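Asks: 3D, please:
(2 chains)
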Amino acid sequence: MSANDSNFRVEPAGASDDSIQQVHARLLTTKPEKTDGYSKLPLVLLGLMCSAIFFGSIYLAHYSLRFDPLVYSEHANREKPGAVKVVALTRAQLGKKVFDMTCVACHQSNGLGVPGQYPPLVGSEWATGSEERAIRIVLHGLNGPITVAGKEYNNVMAPLGAALKDEQIANALSYVRASWGNAAPEVLPETVAKVRADTASRTTFWTAAELLKLSN
Amino acid sequence: MKNGLSLFFGVMATLALSWAGLLLTGHRQIGGLGQVKDPADDTLYPQPLSGLADQGRLVYQDLGCVTCHTQQVRHEGFGSDLARKWGERGSYARDYIRDQTVLIGQNRLGPDLRNVGARLGDAKPEEYADWFYKLLYAPQSVAKGTNMPAHPFLFDVHPVAGRQASAHALALSSKFAPGPGLEVVPTSRAVALVTYLQSLKDTYDYPVERNRNTPAPKQGGH
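Replies: Residues are numbered from 1 along each chain as shown, chains lettered A, B, ... in the order given. I've put the predicted structure just below:
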């Protein structure tokens, strides 16, 4: 409001000083005196906070799962798991590596061989039959005609006895005998060692006829 | 200001603590996750993306697929991802270490894509790629009622006349085909993108994660 405003005038006070004093005195007596320091927490609020902390701790105990960063499921086992067990691999699983290094070139990774060239291992009576006979073939190779799963093949399989250890031969044969639908029992390295010792004097390839004559 | 210094340090401490808690702790916990060698097949998982798939990842980023598609399969008990067969298991942090940019997404206007490469059912990879091409060119042709926008700019539409028909042309029904005498051939961007989509599969279950996340045996009590 500017000073040269022509409408400016002082209004008379609406109440006397005395009456104001009286009203204030009455207000001061009814309002409690403010104390120093802190006031007490209402009991209801205290109870609410306590129950929140209680609920929170129960929840954490159940679902925090040791704050393990690799646990994603809140329903995971709450017991601390031991170290992951060393997975015991079967001979068949270990043999895949040997097979992929050695046998796969002719017999193919699906074990079906090459029609007319290399005989299949899937459903082959030679692979799933006598384990000693299969070991003999791997150790000293095979030459000449052979009938596998009703089909005639005539080719050479290289002897692998010098290149592979007993364990490797056992694993590879176990893999062959347990893969692609084959379900023959696994081959043990001891058996391979025994056959290797039995045939130590042999220097030539086997022939199918010879093996059939051994008839095991 | 009377307490200026202590206020400054208080704010500093608050920010530093939350920064350390959110970033450093997380980094310490899962920042060092590495590939895991599977003892049975001697392969390191997660396997890195192939070169073409990595180019496809750039296309994926470029087109903003992440706006509508997530790449995270939620765990049992969180939503219906597993029931929808969007994955065989929930995603682990380790799944993402191969990703330079984690395209995890926020919105699910479309389905989750983290396992889309493993959802082919009985289809051969080539048939499945064809499905993706059709989905990109004309979404309605393979997914009726979808609200996915068409991406015709990823395809080359040209007349067949005067040249040999492309072996990669899409076999579209007449309703979606551009017209007689025209063929639709995916461009290199489309090929890269589809390769990337087909590479999205988290089918390997890591022994450590699987072990720790196996549910507790059911018993009385809680």
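Asks: what's the burial count for residue 89?
Replies: By default, I'm working from chain A. Neighbourhood size, A:L89 [other Cβ atoms under 10 Å in any protein chain shown]: 13. C-beta coordinates here come from the backbone N, C-alpha and C atoms, glycine included.
Asks: actually, chain B is the one I wanted.
Replies: Neighbours of B:R89 using other Cβ under 10 Å come to 22.
Asks: that one against B:D202, yeah?
Replies: Yes - counting by Cβ atoms under 8 Å, B:R89 does reach B:D202; the two are 7.5 Å apart.
Asks: shared neighbours, these two?
Replies: B:V73 (Cβ atoms under 8 Å, 6 or more residues apart in numbering or on different chains).
Asks: can you pull the phi/psi pair for B:V36?
Replies: Dihedral pair for B:V36: phi -120, psi 130, per degrees, to the nearest 10.
Asks: so where's chain A uncertain?
Replies: Within chain A, the segments meeting pLDDT under 70 span A:1-8, A:31-34, A:81-87, A:215-216.
Asks: would you mind naming what in it lies close to chain B?
Replies: With the criterion set to Cβ under 8 Å from any Cβ of the partner chain, chain A comes near chain B through A:62, A:68-79, A:81, A:84, A:87, A:89, A:93, A:96-97.
Asks: in ChimeraX, select just the buried ones from those.
Replies: Only the buried entries of these go into this ChimeraX selection, using 16 or more other Cβ atoms under 10 Å in any protein chain shown:
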select /A:70,71,72,73,76,77,81,93,96,97
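Asks: distance from the chain centre to the top helix by length along chain A, please.
Replies: Counting residues, the longest helix found in chain A (DSSP state H) is helix A:43-63. Centre-to-centre, helix A:43-63 and its host chain are 37 Å apart (Cα atoms, centre = their mean, to the nearest Å).
Asks: same thing with stretch B:174-186?
Replies: 29 Å.
Asks: now for whichever residue of chain B sits closest to chain A: which residues touch it?
Replies: Closest residue of chain B to chain A, Cβ to the nearest Cβ: B:Q29 (3.7 Å). Counting by Cβ under 8 Å, 6+ apart, B:Q29 makes contact with A:P69.
Asks: now the element after the helix or strand hosting it, going C-ward?
Replies: Using DSSP states H and E, B:Q29 sits within helix B:25-30. Sequence order places strand B:36-38 as the next helix or strand after helix B:25-30, per DSSP H and E.
Asks: the helix or strand just after that next one and chain A, are they touching?
Replies: Counting by DSSP H and E, the next helix or strand C-terminal to strand B:36-38 is strand B:43-45. No - judged by Cβ under 8 Å from any Cβ, strand B:43-45 and chain A are separated, with a smallest distance of 11.3 Å.
Asks: give the buried residues for the helix or strand following strand B:43-45.
Replies: For strand B:43-45, the following helix or strand on the C-terminal side (DSSP H and E) is helix B:51-63. Of all the residues in helix B:51-63, those buried under the rule 16+ other Cβ under 10 Å are B:52-57, B:59-60, B:63.
Asks: what's the answer for stretch A:121-132, then?
Replies: Buried, per 16+ other Cβ under 10 Å, within stretch A:121-132: A:121-122, A:124, A:126-128, A:131-132.
Asks: check chain A for the residue nearest chain B and tell me.
Replies: A:P69 (3.7 Å).
Asks: quick check, nearest of the buried residues of stretch A:121-132 to B:Q198?
Replies: A:V122 (28.7 Å; Cβ to Cβ).
Asks: phi, psi of that closest one?
Replies: phi -70, psi 120.
Asks: pretty sure it sits against A:H107.
Replies: No - contact status for A:V122 versus A:H107: not in contact, 9.3 Å apart, counting by Cβ under 8 Å.
Asks: any idea how far A:L28 is from B:A118?
Replies: 80 Å (Cβ to Cβ, to the nearest Å).
Asks: what secondary structure does B:Y204 sit in?
Replies: coil (DSSP: H, G, I helix; E, B strand; the rest coil).
Asks: show me what contacts the closest residue to it other than its chain neighbours?
Replies: Counting by Cβ to Cβ, 6 or more residues apart in numbering or on different chains, B:Y204 lies nearest to B:Y45, which is 4.5 Å off, once chain neighbours are set aside. Applying Cβ under 8 Å, 6+ apart to B:Y45 gives the contacts B:35-38, B:204, B:206.
Asks: closest to B:Q100 among the residues you listed?
Replies: Scanning the contacts of B:Y45 for proximity to B:Q100, where the rule is Cβ to Cβ, the winner is B:Q35, at 15.0 Å.
Asks: so, low pLDDT: which residues of chain B?
Replies: B:218-222.
Asks: can you give me the strands for chain A?
Replies: Using DSSP state E, the strands of chain A run over A:142-148, A:151-157.
Asks: which one of B:A118 and A:L28 has more residues nearby?
Replies: The residue with more neighbours, out of B:A118 and A:L28, is B:A118; 16 against 9, by other Cβ under 10 Å.
Asks: please name the nearest non-neighbouring residue to that one.
Replies: Per Cβ to Cβ, 6+ apart, closest to B:A118 is B:K201, 3.6 Å.
Asks: nearest residue to the middle of chain B?
Replies: For chain B, the residue nearest the mean C-alpha position is B:R114 (3.7 Å; Cα atoms, centre = their mean).
Asks: let me know the closest of the buried residues of helix B:51-63 to A:A193.
Replies: Looking across the buried residues of helix B:51-63 and measuring by Cβ to Cβ, the closest to A:A193 is B:A53, at 47.4 Å.
Asks: surely the closest one and B:S199 touch.
Replies: Yes - between B:A53 and B:S199 there is a contact under Cβ under 8 Å: 4.0 Å.
Asks: if we can go back for a sec, as TSV, the buried residues of stretch A:121-132 with distance to B:V191 would be great.
Replies: Output for those, formatted as TSV (distance: Cβ to Cβ, whole Å):
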residue	distance to B:V191
A:L121	37
A:V122	35
A:S124	41
A:W126	45
A:A127	42
A:T128	44
A:E131	49
A:E132	53
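Asks: for those, work out which two are farthest apart.
Replies: A:V122 and A:E132 (21.0 Å).
Asks: burial count for the closest residue to A:I169 other than its chain neighbours?
Replies: Among residues not flanking A:I169 along the chain, A:V192 sits closest, at 4.9 Å (Cβ to Cβ, 6+ apart). Using other Cβ under 10 Å, A:V192 is surrounded by 26 other residues.
Asks: residues contacting A:V192?
Replies: A:135, A:139, A:166-167, A:169-170, A:173.
Asks: so which of those residues belong to helices?
Replies: Per DSSP H, those map to helices at A:135, A:139, A:166-167, A:169-170, A:173.
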